[in-house]
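> please find the sequence and the predicted model below.
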Amino acid sequence: MTPNDVLDEFRSAGALLEGHFILSSGLHSPVFLQKMFVFQDPARTERVCRALAEKIRGTFGPVDYVVSPAVGGIVPGYETARHLGCKAIFVERENGVFVLRRGFTIPEGARVVMVEDIVTTGLSSRECLAALREHPGTILGAACLIDRSGGKADLGVPLVSLVQLDIPAYAPDQLPPELAALPAVKPGSRSLKS
Ligand SMILES: O=P(O)(O)OC[C@H]1O[C@H](OP(=O)(O)OP(=O)(O)O)[C@H](O)[C@@H]1O
Ligand SMILES: O=C(O)c1cc(=O)[nH]c(=O)[nH]1
Ligand SMILES: [Mg+2]
């Protein structure tokens, strides 16, 4: 799959949104990739995650565990692991901090890749990787469907992506007037209260 093929999957799923969005990092952006519109279609998810699995295998070799950050990473993590023939587990927030819950464990010596849906600043990926360092296993690197940092996000481990985009994102006190004029929505799950 070429980067354009992947973007076409997002486009035809209606997942390329324009407006005023507050991102997980607190930055504001005129563009949001609503990955759940892709993941609601299993056939579409299968196509993009098969391509991601091929890229992961080609870059990191055999993988024993895919670990993803909830919520957005769970579906692509599972589907990518299915193509890699390995386990899929996830970290989720406990008092705001990503941890492995539900009795999930990683055996000594396991080859681990972190799979994200979208990388913007890389904050969620770094938080997930920090959680993984509390456990056994060798972290080979990270992978995502779309890196919207234009390759600038630094995870501290190698990151492979299917698409690299450089999408503008602004600090709340530096919004361009045309963005500030639109009502802001926050689609993600960080800081959602239960
Ligand atoms: O690179 P970053 O700046 O961390 O941004 C990307 C993260 O933002 C989204 O998650 P979010 O926290 O919005 O929640 P979700 O996974 O439930 O969508 C997305 O799923 C990534 O995890
Ligand atoms: O940075 C984010 O929170 C983010 C950006 C994006 O395009 N899509 C998404 O699900 N999260
Ligand atoms: Mg997420």
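Received it, and whenever you're ready, just let me know what you need. Ligands and ions are numbered 1, 2, ... in the order given.

> those strands in the chain, which residues are they?
16-22, 28-33, 65-69, 87-94, 97-100, 111-119, 138-147, 159-164 (DSSP state E).

> end to end on stretch 157-177, go ahead and measure it.
Stretch 157-177 has its terminal residues 37 Å apart, counting by C-alpha to C-alpha, to the nearest Å.

> tell me the residues on the chain that lie near ligand 2, please.
23-25, 32-33, 35, 72, 118, 120, 148, 188 (C-beta under 6 Å from any ligand atom). Glycine gets a C-beta too; all of them are placed from N, C-alpha and C.

> where does the protein get nearest to ligand 1, residue-wise?
Gly188 (1.9 Å; C-beta to the nearest ligand atom).

> surely Ala110 meets His135?
No - using C-beta atoms under 8 Å, Ala110 is not in contact with His135; the gap is 9.1 Å.

> just the helices in this structure please.
For the chain, applying DSSP state H gives helices covering 3-12, 35-39, 42-60, 74-84, 123-132, 177-180.

> report how many residues lie close to the nearest residue to Leu182 once chain neighbours are set aside.
Nearest residue to Leu182, sequence neighbours excluded (C-beta to C-beta, 6 or more residues apart in numbering): His20, at 3.7 Å. If you count neighbours by other C-beta atoms under 10 Å, His20 ends up with 17.
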